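**Q** the sequence and its predicted three-dimensional model are supplied below.
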Amino acid sequence: MNLNELRPRDGGFTLVELLAAILISSIAMAGIYSIFISQQRAFSAQEQIAEMNQNIRAAMDLMIREIRLAGYKTSGTAFNGIAAAQLGTIRILADLNQDGDTLDDKEDITYSYNADTLQILRNVNAVNSPIAENITSLNFTYKDANNNATAILADIRKVTISITARTAYPDPGTGQYWTITLTSDVTPRNLAL
């Protein structure tokens, strides 16, 4: 007769079984953790990209809307709708309330780029307000009625806006920032008048 048959079997696990269970559980947990971390990184990157897109589109929409109004005036008023036109700055004038001047609120607007703070600034009534952050470049190109580049303010009939933005934080995997460039042509309706 065998001694193992006479001894009652304990209800517990052997040390080998316990170690095997811990090893299998550790491998499973490591796999789950790895998937969780990669999903969290992907979500964070997509959230930053969506924020970057929203930021750049909101700035572009505001600039297009206001540049389109450049030169709006009554028939007796004489001023140029674009008062300053440089690569990173534009100053637009519009007599929105038709009182014969551009001294009132939101009638004299300047858009400029601040490379130190990575912001697009909107200056109204001598107050600079940032309208977009994490901007790496803002460029304006000015064209005449024949679609040729011009630096003469009175000849400008079209403005091309190009904005490049980046995410607020670099991608943890690559250390690189995600970027996007948005370009739009604006034809101010009142410049030829």
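**A** The structure has been received and is ready for your questions.

**Q** where along the protein do the strands fall?
**A** 82-85, 89-93, 108-114, 119-124, 127-133, 135-143, 158-166, 179-186 (DSSP state E).

**Q** kindly compare burial across these and name the winner.
**A** strand 89-93 (a mean of 22; mean count of other C-beta atoms under 10 Å). The C-beta positions use only the backbone N, C-alpha and C, and glycine is treated the same way.

**Q** got the angle for the longest helix along the chain vs strand 89-93?
**A** Within the chain, and with DSSP state H defining each element, the longest helix by residue count is helix 15-68. Helix 15-68 runs at 50 degrees relative to strand 89-93, counting by axes from the mean of the first three to the mean of the last three C-alpha atoms, to 10 degrees.

**Q** make residue 1 into 24 and carry on from there
**A** Sure, I'll start numbering at 24, so the last one becomes helix 38-91.

**Q** and helix 38-91, average pLDDT?
**A** Across helix 38-91, pLDDT averages out at 92.

**Q** ditto for stretch 159-171
**A** When pLDDT is averaged over stretch 159-171, the result is 95.

**Q** got the contact list for it?
**A** 105, 108-113, 134-136, 141, 143, 172-175, 178-189, 202, 215 (C-beta atoms under 8 Å, 6 or more residues apart in numbering).

**Q** only alpha carbons, please: show it as CSV.
**A** The C-alpha trace of stretch 159-171 is given here as CSV (Å, rounded to 0.1, in the frame of the first residue of the first chain):
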residue,chain,number,x,y,z
THR,A,159,4.4,78.6,-35.1
SER,A,160,3.8,81.0,-38.0
LEU,A,161,1.3,83.5,-39.4
ASN,A,162,1.8,84.8,-42.9
PHE,A,163,-0.3,87.2,-45.1
THR,A,164,0.2,87.4,-48.8
TYR,A,165,-1.4,90.3,-50.7
LYS,A,166,-2.5,90.2,-54.3
ASP,A,167,-3.9,92.8,-56.7
ALA,A,168,-6.9,92.5,-59.1
ASN,A,169,-4.8,90.5,-61.6
ASN,A,170,-3.8,88.0,-58.8
ASN,A,171,-0.2,89.3,-58.7
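
**Q** now residue 213. Nearest residue, chain neighbours left out?
**A** Spatial nearest neighbour of residue 213, excluding adjacent residues (C-beta to C-beta, 6 or more residues apart in numbering): residue 94 at 3.6 Å.

**Q** residues near residue 171, how many?
**A** Neighbours of residue 171 under the rule other C-beta atoms under 10 Å: 9.
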